[in-house]
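> pasting the sequence and the predicted coordinates here, then a few questions.
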Amino acid sequence: MKTKILIVDDSAYTRQLIKEMLEKDASLEVVGIASNGRDAMAKTLRLEPDIITLDFEMPEMDGLAFLRWLMIQRPTPVIMVSSYNDSKTVFKTLELGAVDFIAKPTRRASIELQSIGKDLVQKVKGIKNIRMDILSKNLELLGRDEPAINAGREESAIQAVAVGSSTGGPAALQIILTRLGPDFQAAMFISQHMPRGFTEPLSERLNKLSPLNVREAKEGDPVEAGTALICPGGYHLGLEARGAKRIVRLKEGKLSDKYVPSVDYMMRSVADNFGANSMGVILTGMGNDGRKGMLEIKTKGGYTIAESEQSAVVFGMPGEAIKAGAAEAVLPLSEVPAEIMRLVNKKRN
C-alpha cells in the first residue's frame, strides 16, 4: 500500500516541485495539495493522508495555526518545509508536534534540488509508521518545568559526552539539556542531522533554556567542561589534541556523505581523545548513524546510553545501536538526563 501525502504550500512552484520529488518513488502517492491552512483542514479530514508536508507563511491560515488544529483533531506526522529565514520558527513547530523539516526548494542548481529531493523522500519513508502517541508524551515532557538535576561536585570520571540524534532530535535535546544541572562537569558534543543555517538558532534556543553554555561549534573552539557544542549543519565535528588540551576540528561534509553531521565521526573522535572517560548517547532518528561510534566508545571503556523504544519518536538509530550490542544502558528519554548526571559526576576511582 502506498504512503498517502498531502502537500500544503501557498507557492504553486513549491507544490509542483515537491510533488515531482515524491512521486519519483513508487511507494509514495500525493493524494492532494492545499494552498493554505483552511484548505488543508478540509482535505486532511477528507483524504486522511499518512503524512503532511507543511509551509509556514500562507494566507487565511498559516502553518502554525493549522498544526495546532491538526494535533488536536487528527494527529498526523508533519514535515515542515522551511527556508533559512524561517529557521527560528522551525523549533516552535517541532514543539507543537511537527516531526521533521527540510530546506525549502528554490530555483537552484539541479544537484542541490536532487539532494533536497533525496532527503525529502528518505524522511517521508522513515516516518510513515511514526508513533504519534510517543510524540505526544515527549511534547508533554517539554511543557513540564522540572528542576535541573544536581549531583554534587566530585572529581568526574566522564570528561566528554557525545550525543547523536536525527528525526525528533531537537525536542529530545531540549528535554535533556534543560534537565542537566549547573554542576555538570563534562564537555558535551552534539551532532544533530540538520542542514546549514539551522544549527545556530537551535544552539541559541537551547542556550537560553539550559544551565549549560550551549553554542554552535566553531573551528578551533577549546573543549571546556560545562559547555555543549553543536556541530554546524553541513560539517562533521572532530577533536584534536593540542598538548594537554583539545580543540574542535570541523570537516566540511560532501554530497556523497550519507549523514551530515555524522554521529559516527564525532563519537569516534571523542573515543580516540577521551577513551574510558567518554560517554556516548544515541537518541531518536532514522538510519544507523551512531552505531559504529557507540561501539567505539564502548570498546575503549567509555559508557553508552541508547534511548529506548518506549520514548523514541523514530527508533532507527538507537535500535541499531542496541542490536549491535553498543548500548550499556537502554532508557526512556525522561531517565536519560539523570543517568548522564550520575556518570558525569561519579567520583573517579
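Here it is on my side, so go on.
> which SSE is residue 228 in?
Counting by DSSP states H and E, the element that carries residue 228 is strand 227-230.
> could you check the distance from the residue nearest to residue 116 when sequence neighbours are not counted over to residue 21?
Leaving aside its sequence neighbours, residue 116 sits nearest to residue 105 (Cβ to Cβ, 6 or more residues apart in numbering; 5.2 Å). Any C-beta I mention is one placed from the backbone N, CA and C, and that applies to glycine too. To residue 21, residue 105 is 8 Å away according to Cβ to Cβ, to the nearest Å.
> which one's more surrounded, these two?
More neighbours surround residue 21 than the other of residue 105 and residue 21, with 23 against 20 (other Cβ atoms under 10 Å).
> quick one, what contacts the nearest residue to the more buried one once chain neighbours are set aside?
Once flanking residues are discounted, residue 21 sits nearest to residue 117: 3.7 Å by Cβ to Cβ, 6+ apart. Residues near residue 117 by Cβ atoms under 8 Å, 6 or more residues apart in numbering: 21, 24, 105.
> name the SS class of residue 117, please.
Secondary structure state of residue 117, per DSSP: H, G, I helix; E, B strand; the rest coil, is helix.
> ok, it to residue 101 distance?
Taking Cβ to Cβ as the measure, residue 117 falls 15 Å from residue 101.
> and residue 36, by the same measure?
19 Å.
> got it, and residue 170?
Here the criterion is Cβ to Cβ. By it, residue 170 lies 9 Å from residue 101.
> ok, residue 280 - contacts?
161-164, 267, 270-271, 290, 293-294, 297-298, 302-305, 326.
> which SS class is it?
Per three-state DSSP, the local secondary structure of residue 280 is strand.
> numbering from 13 from now on, please.
Understood, numbering begins at 13; the last thing we discussed is residue 292.
> quick one, grab the pLDDT at it.
Reported pLDDT at residue 292 in the predicted model: 98.
> partner strands of the strand holding residue 240, with direction?
Strands that pair with strand 239-242, judged by DSSP bridges, come out as strand 199-204 (parallel), strand 225-228 (parallel).
> hey, C-alpha coordinates of that strand in PDB?
Extracted C-alpha coordinates of strand 239-242, given in PDB (Å, rounded to 0.1, in the frame of the first residue of the first chain):
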ATOM      1  CA  THR A 239      29.900  23.600  27.500                       C
ATOM      2  CA  ALA A 240      27.800  21.900  24.900                       C
ATOM      3  CA  LEU A 241      29.000  22.400  21.300                       C
ATOM      4  CA  ILE A 242      26.500  21.600  18.500                       C
END
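> for it, buried residues please.
Neighbour-count burial for strand 239-242, counted by 16 or more other Cβ atoms under 10 Å, picks out 239, 240, 241, 242.
> what's the answer for stretch 232-239, then?
Neighbour counts over stretch 232-239 (16+ other Cβ under 10 Å) mark 233, 235, 239 as buried.
> touching, residue 70 and residue 20? I think so.
Yes. When contacts are counted by Cβ atoms under 8 Å, residue 70 is listed as touching residue 20 (7.4 Å).
> okay, these two: which has more neighbours?
More crowded of residue 70 and residue 20, by other Cβ under 10 Å: residue 20, with 30 against 22.
> for that one, phi and psi?
Torsion angles at residue 20 (phi, psi; degrees, to the nearest 10) stand at phi -120, psi 110.
> which neighbours do residue 70 and residue 20 share?
47, 48, 49.
> so which of those residues wins on neighbours?
Going by other Cβ under 10 Å, residue 49 tops those with 25 neighbours.
> for that residue, which non-adjacent residue is closest in space?
Of all residues not flanking residue 49 in the chain, residue 73 sits nearest, at 2.8 Å (Cβ to Cβ, 6+ apart).
> over to residue 77?
Spatial nearest neighbour of residue 77, excluding adjacent residues (Cβ to Cβ, 6+ apart): residue 49 at 5.5 Å.
> same check, this time on residue 113
Counting by Cβ to Cβ, 6+ apart, the residue nearest residue 113 is residue 92, at 3.9 Å.
> for that neighbour, give its distance to residue 327.
22 Å.
> what residues are up against residue 313?
Neighbour list for residue 313: 287, 288 [criterion: Cβ under 8 Å, 6+ apart].
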